[in-house]
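Trainee: model this:
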Amino acid sequence: MISVNEEQRLFQRMRLDTKIILATPQARIEGVCRNISAKGALMEVSAGRCQVGEKWQLVVPSADNSVEPLKATAKVLRVDPGVATDMVALCLSEVR
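Mentor: Numbers count the residues shown, from 1 in each chain. Below is the predicted model:
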């Protein structure tokens, strides 16, 4: 039996407060990653920048130049709109 406090997801989320970049050849969005797991991320971006179903290249820059940034393909699963910012749920694949 799973206790009330246990995460009921396949992959636990790690809370973050770090810069994250979504990019396509035509656009670039900078935001803040609030949490990340092996298969997903939640980020905060300026309102109206992401739409459900869009695919992006996700980059989490490294604080150390000797370490490569985390990169993945990201698909927008959900957008929770706010006044100035939106919370965007992403499904990650091809994580490298």
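Trainee: Report the helix or strand with the lowest average pLDDT across this protein.
Mentor: The helix or strand of the chain with the lowest confidence, counting by mean pLDDT, DSSP states H and E, is strand 14-23 at a mean of 93.
Trainee: name the helices or strands packed onto that strand?
Mentor: If contacts are counted by 3 or more CB pairs under 8 Å, 6 or more residues apart in numbering; DSSP states H and E, strand 14-23 sits against strand 28-36, strand 40-46, strand 55-60. For glycine as for every other residue, the C-beta is placed from the backbone atoms N, C-alpha and C.
Trainee: Which one of those lies nearest to V79?
Mentor: Ranking the helices and strands packed on strand 14-23 by proximity to V79 (CB to CB) places strand 40-46 first, at 9.1 Å.
Trainee: in its sheet, what does the closest one sit against?
Mentor: Pairing partners of strand 40-46, with direction, according to DSSP bridges: strand 28-36 (antiparallel), strand 85-93 (antiparallel).
Trainee: now A47: how far from I21?
Mentor: A47 sits 18 Å away from I21, going by CB to CB, to the nearest Å.
Trainee: ok, now which ones touch K19?
Mentor: E30, G31, V32, C33, V60, P61 (CB atoms under 8 Å, 6 or more residues apart in numbering).
Trainee: Many thanks, have a good one.
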